[in-house]
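1. sequence-free structure coming up:
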């Protein structure tokens, strides 16, 4: 783990929410922490896609 991932923690609510996901083969707590700190930039989305992006952001 790098220094950024060492500072990232999952809250109790997040642990409950992602408990089943962490149990999957090929997915562990390190992967979940990397996903939590990940960022995405979307360029050129227009029209209806903007509405979908807002929903996807809310869903995490």
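-> Yep, it's here. Since the structure is predicted, the reported quantities are computational estimates derived from the model, not experimental observations.
2. tell me where this structure has helices.
-> With helices called from DSSP state H, the chain shows them at 3-7, 12-22, 29-37, 48-59.
3. next, format these as a markdown table and append mean pLDDT and mean neighbour count.
-> Every C-beta, even on glycine, is put in place using the N, C-alpha and C of the backbone. Shown next, in a markdown table, are the helices of the chain (pLDDT from 0 to 100; neighbours: other C-beta atoms under 10 Å):
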| stretch | mean pLDDT | mean neighbour count |
| --- | --- | --- |
| helix 3-7 | 60 | 9 |
| helix 12-22 | 90 | 11 |
| helix 29-37 | 88 | 14 |
| helix 48-59 | 83 | 10 |
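4. ok, the residue of the chain positioned farthest from its centre - contacts?
-> Centroid-distance maximum for the chain: residue 47 at 25.0 Å, with C-alpha atoms, centre = their mean. Contacts here follow C-beta atoms under 8 Å, 6 or more residues apart in numbering; on that basis residue 47 touches nothing.
5. state the distance from it to residue 53.
-> 11 Å (C-beta to C-beta, to the nearest Å).
6. go on, residue 40?
-> Separation of residue 40 from residue 53 (C-beta to C-beta): 10 Å.
7. one more: residue 19?
-> 27 Å.
8. residue 20 now?
-> For residue 20 relative to residue 53 (C-beta to C-beta), the value is 26 Å.
9. how about residue 39?
-> In this view, residue 39 and residue 53 are 14 Å apart by C-beta to C-beta.
10. cool, and residue 13?
-> Applying C-beta to C-beta, the value for residue 13 to residue 53 is 24 Å.
11. same question, residue 11
-> 25 Å.
12. for residue 59, same thing?
-> Residue 59 is 11 Å from residue 53, by C-beta to C-beta.
13. equivalent analysis for residue 12, please.
-> Distance, residue 12 to residue 53, using C-beta to C-beta: 29 Å.
14. next one: residue 15
-> 27 Å.
15. check residue 22 too.
-> Here residue 22 is placed at a distance of 26 Å from residue 53 (C-beta to C-beta).
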